[in-house]
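Asks: I need the structure of the sequence given here:
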Amino acid sequence: MRFNLVLILVLPFVLIAFFAGSYLVRWVAVLIAGVILLAFILEETELPYIPRRRESKREKRTDVERLADVIKMAKKGTVARQIISDTVLEIYEVLEENREKAVERTREVFSSSYHGGNFLENLENALKIVEADVDENRRGPRKRK
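Replies: Predicted coordinates:
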């Protein structure tokens, strides 16, 4: 199929290159046919993988380090707070049967732990509630309304 497509695209230019009277038209036809063939050849060519040098590699950070950075950023910004909220939501999605209950429980956790004080203290209270819910779920299913 590929060969037929190449042949159909290149054949008119090859014929023009052989039978055209003008020297300039012949060369233009040869150049166009060459570009088409080069494009098909390059499309099929796989470039070799060039490994990075050891000096340019960055050290990979652990999830704990990344989460610590997110918590530091959450002191000032709302995007990092939303990331933390989404992470807690993911925990409750694993614990609950459906997403609506998980969203509701996440709202309850953050609203009950928010006392208008320090953000880190509020986050610590919320994480204690989440930890208690996870422990409760390990022991057995929750009996909630």
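
Asks: Centre of the protein to the edge, which residue is at the far end?
Replies: Distance from the centre of the chain peaks at Gly21, with 56.7 Å (Cα atoms, centre = their mean).

Asks: how many other residues sit next to Val130?
Replies: Look at Val130: counted by other Cβ atoms under 10 Å, it has 19 neighbours. The way it works is simple: take the backbone N, C-alpha and C, and place the C-beta from them, glycine included.

Asks: so what's it up against?
Replies: Residues near Val130 by Cβ atoms under 8 Å, 6 or more residues apart in numbering: Val88, Ile91, Tyr92, Val109.

Asks: try 6 Å
Replies: By Cβ atoms under 6 Å, 6 or more residues apart in numbering, the residues touching Val130 are Val88.

Asks: For this protein, which segments count as helices?
Replies: 2-19, 23-44, 63-74, 78-95, 99-113, 119-139 (DSSP state H).

Asks: want to try CSV for those, with mean pLDDT as columns?
Replies: Listed next are these as CSV, based on pLDDT from 0 to 100:
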stretch, mean pLDDT
helix 2-19, 82
helix 23-44, 88
helix 63-74, 81
helix 78-95, 83
helix 99-113, 81
helix 119-139, 82
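
Asks: Tell me how far the residue nearest the centre of the chain lies from Arg66.
Replies: Using Cα atoms, centre = their mean, the residue of the chain that lies closest to the mean C-alpha position is Ile83, 15.2 Å off. As judged by Cβ to Cβ, to the nearest Å, Ile83 and Arg66 stand 10 Å apart.

Asks: How about Val109?
Replies: Counting by Cβ to Cβ - Val109 and Arg66 are separated by 22 Å.

Asks: Asn137 now?
Replies: According to Cβ to Cβ, Asn137 and Arg66 sit 25 Å apart.

Asks: the more surrounded of these two?
Replies: The neighbour count for Asn137 versus Arg66, taken as other Cβ under 10 Å, is higher for Asn137 (15 against 10).

Asks: I figured that one hits Glu96, correct?
Replies: No: taking Cβ atoms under 6 Å as the definition, Asn137 is not a contact partner of Glu96, at 9.1 Å.

Asks: residues making contact with stretch 28-37?
Replies: Leu9, Val10, Phe13, Val14, Ile16, Ala17.

Asks: now swap in stretch 91-106 and tell me
Replies: Here stretch 91-106 has contacts from Val88, Leu89, Asn137, using Cβ under 6 Å, 6+ apart.
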